[in-house]
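Undergrad: structure, please.
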Amino acid sequence: AASADALLSLARHARDMGWAKPELTDSPGIVIRGARHPVVEKALEHYVANDCELVPGRRLLVVTGPNMGGKSTYMRSVALIAILALSGSWVPAESARIGPLDRVLTRIGASDDLARGLSTFMVEMVEAAAILHQATDRSLVLMDEIGRGTSTFDGLALAGAIARDLADRIRSFTLFATHYFELTLLSQTCAEVAN
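TA: Have a look, this model is predicted:
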């Protein structure tokens with residue numbers, strides 16, 4: 001009964017909110033047209049849908065913009081669409097083609113663990129290291145504002161090194177949000193990076 005209830009809820013919501021049937025494919029990558037965040041779009045009067053194309057040759061997107069500009073919402077909408085599609089649901093988008101994914105790894109938000117003696121920056125670095133150890137070329141990785149908890153130049157160096165490792169060595173499908181506009185230069189030297 002619980003499975004039927006869950007499936008009925010997904011189907012009803014998909015019908016009421018204009019969700020689309022995703023295409024699951026053996027080809028690597030994520031191509032979404034008109035992606036929406038299913039919670040945020042209900043809270044806003046004018047939600048702007050976005051596209052996302054993460055494919056071989058374009059595995060890491062550097063996402064820039066001001067605070068409250070929608071970077072985190074954009075990244076979360078892509079992850080939610082991928083998870084919904086792989087769970088058998090329709091998705092909040094015009095269309096979605098989702099290739100094989102082995103996991104979704106995220107480094108989003110600021111937190112500390114002072115009881116264990118870990119600053120916000122240290123928690124961020126521990127989580128980033130865990131992602132670099134776990135991610136594969138079939139992973140979806142979301143990195144939000146890596147390096148913000150330290151000095152500008154150290155933070156930029158860390159963010160750049162992490163982005164380059166994800167793009168060149170690991171080759172995961174990555175959304176990398178940053179205020180370090182200098183990271184847009186990675187697209188000139190890394191074949192897999194786009195802005």
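
Undergrad: quick one, helices of the protein?
TA: Per DSSP state H, the chain carries helices over the ranges 2-17, 40-43, 71-86, 120-134, 152-164, 186-189.

Undergrad: for the protein, which element, helix or strand, carries the lowest mean pLDDT?
TA: For the chain, the helix or strand with the lowest mean confidence is helix 40-43, at a mean of 86 (criterion: mean pLDDT, DSSP states H and E).

Undergrad: any chance you could list what contacts that one?
TA: 47, 73, 77, 92 (C-beta atoms under 8 Å, 6 or more residues apart in numbering). To be clear about C-beta, it is placed using only N, CA and C from the backbone, and glycine gets the same treatment.

Undergrad: contacting residues around stretch 50-67?
TA: So stretch 50-67 is in contact with 28-35, 70-71, 74-75, 77-78, 140, 163, 166-167, 171-179, 181, 183-184, 186-187, 190-195, going by C-beta under 8 Å, 6+ apart.

Undergrad: show me those that map onto strands.
TA: The strands, defined by DSSP state E, take in 30-35, 140, 173-177, 193-194 from these.

Undergrad: highest neighbour count among those residues?
TA: residue 173 (29 neighbours; other C-beta atoms under 10 Å).

Undergrad: identify the bridge partners of the spatially closest residue to that one that is not a sequence neighbour.
TA: Distance criterion C-beta to C-beta, 6 or more residues apart in numbering; nearest residue to residue 173, sequence neighbours excluded, is residue 54 at 4.1 Å. Applying DSSP bridges to residue 54 gives these bridge partners: residue 30.
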